[in-house]
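**Q** Show me the folded form of this:
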Amino acid sequence: MATHQHLDDRFHQFKLENHERPKHCFEYVVTGTGQFPYDMLRYDAAWPVSSQDAFNIGVGFHDPQEAYRGRRSIKLRSYRQPTIDRWSSFTWSVGFAAVMQDEPR
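**A** Model prediction:
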């Protein structure tokens with residue numbers, strides 16, 4: 001496999017020292033309806049725990065009305081504590097347990 005020298009200078013790889021590594025991981029569940037606030041993943045440096053959680057994030061992406069048919073819960077992880085007030089500003093709540101999924105209407 002040929003390496004492209006002009007691409008190699010765009011990034012570098014390094015190993016974190018033990019004192020630089022995150023010491024804690026936060027796991028929480030966000031619950032809401034409507035379009036998922038995608039920017040919150042960036043803002044809280046969070047990611048979905050499972051492929052099902054990732055799928056639930058995208059509910060309503062192509063059909064916005066589908067996203068408003070019921071509440072859904074998504075389990076996330078982050079090395080940062082969730083910004084609960086900011087989630088609330090998007091009408092999504094933060095908790096420890098998923099709510100029962102609403103049945104589609």
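
**Q** where are the low-confidence patches of the chain?
**A** The chain contains residues with pLDDT under 70 at 1-8, 67, 98-105.

**Q** Mind jotting down where the strands sit in it?
**A** Here the chain has its strands, by DSSP state E, at 26-32, 46-48, 72-78, 93-95.

**Q** could you say what helices and strands the second one packs with?
**A** What that stands for is strand 46-48. helix 51-57, strand 72-78 (3 or more C-beta pairs under 8 Å, 6 or more residues apart in numbering; DSSP states H and E). C-betas here are computed from N, CA, C, even on glycine.

**Q** Does residue 30 touch residue 96 like I think?
**A** No. Using C-beta atoms under 8 Å, residue 30 is not in contact with residue 96, being 11.0 Å away.

**Q** More neighbours: which of those two?
**A** residue 30 (25 against 8; other C-beta atoms under 10 Å).

**Q** tally of neighbours for the closest residue to the more buried one other than its chain neighbours?
**A** Leaving aside its chain neighbours, residue 30 sits nearest to residue 92 (5.0 Å; criterion: C-beta to C-beta, 6 or more residues apart in numbering). Look at residue 92: counted by other C-beta under 10 Å, it has 21 neighbours.

**Q** who touches residue 92 in this structure?
**A** Neighbouring residues of residue 92 by C-beta atoms under 8 Å, 6 or more residues apart in numbering: 30, 31, 32, 36, 37, 40.

**Q** That concludes my questions; thank you for your assistance.
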